[in-house]
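Asker: Quick check, what structure comes out for this input:
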Amino acid sequence: MRSDRIKKGLERLPHRALLHATGITSEEMDKPFIAIASSFTDIVPGHIHMRRLERAIEKGIHSAGGVSFVFGVPAVCDGIAMGHRGMHYSLASRELIADSVETFVEAHSLDGVVLLTACDKITPGMLMAAARLDLPCIVVTAGPMLTGRHRGKRLSLVRDTFEAVGRAQAGLIDEKELMALEMEACPGGGSCQGVYTANTMACVTEALGLSLSGMAASLAVSAKKERLAYESGQRVVELVKEGINSRRFFAPEAFDNAIAIDMALGGSTNACLHIPAIAYSAGVQLPLERIDQISRKTPHIADLRPGGEYFMEDLEYAGGIPAVLKRLETLLADCPTVSGKTIHQIAAGAEVFDEDVIRPMNNPYHAEGGIAVLKGTLAPDGAVVKQTAVSEKSKVFAGRAKVYDSEEEAMQAIMGKEISPGDVVVVRYEGPRGGPGMREMLSPTAAVTGMGLSDEVALVTDGRFSGGTRGPCVGHISPEAASGGPIAYVRDGDEITIDIPSRRLDVKISPEEMEKRKQSTQIKGPKVNEGWLVRYARMVSSAAQGAVLK
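Answerer: From the prediction side, this is the model:
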């Protein structure tokens, strides 16, 4: 076993002494040593219930003949980090998490890893580590939150809190209603209730084959989740004994399957950063264009929030990801999974329990998948939009630019009612390097939507959007402003055209005028000039390459 490096032979007597100090018996020295990478914390709702899942995983590991070691990794709640300095650290934390898991497992020569995760950047960070380590790995995603309830209406975080800010600003709801939404939108532990980034990445993980079947949609509060955690602990020991390492599940075809699941669900645009980053860690080339190719041939068959009206709990009761695999089976490669079954075997054994929550491919909500990749004079290297969360009348949008060099400036203008129908709000210097950390723009987009302007105002940025964003909002514009991309030279009043069906994003500036502006414009540096984000800004790649550190 790999762990024999720290426990076998005369020269390892000091190592064994240290291990015995932890309570390990001599008998246990002959068993597989399994790490449990836990992102438990008391401040992130998606993670607060992980202690009971840790126990279930430990029980599974020990019942299968292994020895478990829990260690912690950081977890950032994007909702709490939103709209202030904290959001600079969210995407960047993905790299810290991958590095932390790699460091702990390699330093202690462990035989396998259970990755206990939930929210937005933690899951991709864990998967990046799994791809680097190429050890027996299995992922336990901690599950979606139940919907909130108020006056007989089901609630979710984004639509009923972030967008409520805009509705309140527009005078559409009073303070009493606001307080009720604040108290009832998030009833307890779990990741936010739609296919925002956390649940998108949980579904992607199951489609990649790194989680047991049924993991992604099983609810945080359910006994089913505990059973799956227990079974994951058992299974990782079996993977060690069978010599099945993680890169077996990171084939190019598996990434195609994961993208197809994301497109069918209308998942978060953040997947366009995370899936390529995981592929990069696995040594697989995955250009942004591949996402668009798969989206064009994958129908959108599950209408979940934020774009739709269903929730993750509806997906769970309709059959979960296995049922989605069943619908898409003809589009999917028959890749292996950590369960020992292949994707097609899982699909064959699945059943769809609600024909509207998970529609057949010949009756989709949209003919194409959730995300479109746009290119043009404003985004030569690409940009992304959640097209299934854009109304038909807004899929072609032309308007005049209103330019802001930070999210705060844009938010101040929106809340000050300075934005009018026909405007294209341009938020720049928020990319991976310029932010640094590519902050999410949920607060401004949700405020616009809450004010009832989502079909009349567009927002484009070199930053990114929350999985909860809806409307004609285009992010990940590459190259970013801090790298001298065209977005750096846009001025108030310039005409910008978003054409989602044609996959175009253009600004009407002549080549001669663009050259003049390049000569007269001073490119701004990162907004943070101290701490580790300075190093991050120097090393990070563009959004079109997954914003990985190179």
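Asker: Next, the buried residues of the host helix or strand of Gln293.
Answerer: When elements are assigned from DSSP states H and E, Gln293 belongs to helix 288-297. Under the neighbour-count criterion of 16 or more other Cβ atoms under 10 Å, helix 288-297 has 288, 290-292, 294-295 buried. Backbone N, C-alpha and C define where each C-beta goes, glycine included.
Asker: and if you look at stretch 182-197?
Answerer: Under 16+ other Cβ under 10 Å, the buried positions of stretch 182-197 are 184-187, 189-197.
Asker: And that stretch, how far out from the chain middle?
Answerer: Taking Cα atoms, centre = their mean, to the nearest Å, one finds the center of stretch 182-197 at 15 Å from the center of the full chain.
Asker: which regions of the stretch 51-200 of the chain sit below the pLDDT cut-off?
Answerer: Judged against pLDDT under 70, the stretch 51-200 of the chain has no low-scoring part.
Asker: can you pull out the helices in it?
Answerer: With DSSP state H, counting those that start in this stretch as the definition, the stretch 51-200 of the chain shows helices at residue ranges 78-81, 88-107, 122-133, 157, 163-169, 175-184, 197-208.
Asker: possible to save those helices as CSV with distance to Thr25?
Answerer: Listed next are those as CSV, based on distance: least, Cβ to Cβ, whole Å:
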stretch, distance to Thr25
helix 78-81, 42
helix 88-107, 22
helix 122-133, 27
helix 157, 46
helix 163-169, 56
helix 175-184, 49
helix 197-208, 34
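Asker: Could you identify which of those is most buried?
Answerer: When the helices of the stretch 51-200 of the chain are scored by mean count of other Cβ atoms under 10 Å, the highest mean neighbour count falls to helix 197-208 (a mean of 31).
Asker: CA-only coordinates of that helix in PDB, if you can.
Answerer: C-alpha atoms of helix 197-208 as PDB (Å, rounded to 0.1, in the frame of the first residue of the first chain):
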ATOM      1  CA  THR A 197     -23.100  26.600  -8.700                       C
ATOM      2  CA  ALA A 198     -23.000  24.200  -5.700                       C
ATOM      3  CA  ASN A 199     -25.700  21.900  -7.000                       C
ATOM      4  CA  THR A 200     -24.500  22.300 -10.500                       C
ATOM      5  CA  MET A 201     -21.100  21.000  -9.500                       C
ATOM      6  CA  ALA A 202     -22.600  18.200  -7.400                       C
ATOM      7  CA  CYS A 203     -24.500  17.000 -10.600                       C
ATOM      8  CA  VAL A 204     -21.300  17.400 -12.700                       C
ATOM      9  CA  THR A 205     -19.400  15.200 -10.100                       C
ATOM     10  CA  GLU A 206     -22.000  12.400 -10.300                       C
ATOM     11  CA  ALA A 207     -22.000  12.600 -14.100                       C
ATOM     12  CA  LEU A 208     -18.200  12.400 -14.100                       C
END
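Asker: nearest residue to Ala367 other than its sequence neighbours?
Answerer: The spatial neighbour of Ala367 that comes closest, neighbours along the chain excluded (Cβ to Cβ, 6 or more residues apart in numbering), is Pro299 at 5.8 Å.
Asker: about what we covered before: does anything pack onto the helix holding Gln293? Which helices or strands?
Answerer: Helices and strands in packing contact with helix 288-297 are listed as helix 252-265, helix 271-281, strand 371-374, strand 382-386; criterion 3 or more Cβ pairs under 8 Å, 6 or more residues apart in numbering; DSSP states H and E.
Asker: Just say which of those is most tucked in.
Answerer: Of all the helices and strands packed on helix 288-297, strand 382-386 carries the top mean neighbour count, a mean of 28, counting by mean count of other Cβ under 10 Å.
Asker: For it, what is the distance to the chain centroid?
Answerer: For strand 382-386, the distance from its own C-alpha centre to the chain's C-alpha centre is 15 Å (Cα atoms, centre = their mean).
Asker: immediately after it, which helix or strand?
Answerer: Following strand 382-386 in sequence order, the next helix or strand is strand 396-404 (DSSP H and E).
Asker: what angle sits between the following helix or strand past that next one and strand 396-404?
Answerer: Using DSSP H and E, the helix or strand that follows strand 396-404 in sequence is helix 407-415. The directions of helix 407-415 and strand 396-404 differ by 110 degrees, with axes from the mean of the first three to the mean of the last three Cα atoms, to 10 degrees as the criterion.
Asker: Would you convert the helices and strands packed on helix 288-297 into TSV that also reports distance to Leu505 and mean pLDDT?
Answerer: Output for these, formatted as TSV (distance: least, Cβ to Cβ, whole Å; pLDDT from 0 to 100):
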stretch	distance to Leu505	mean pLDDT
helix 252-265	19	98
helix 271-281	14	97
strand 371-374	4	97
strand 382-386	5	96
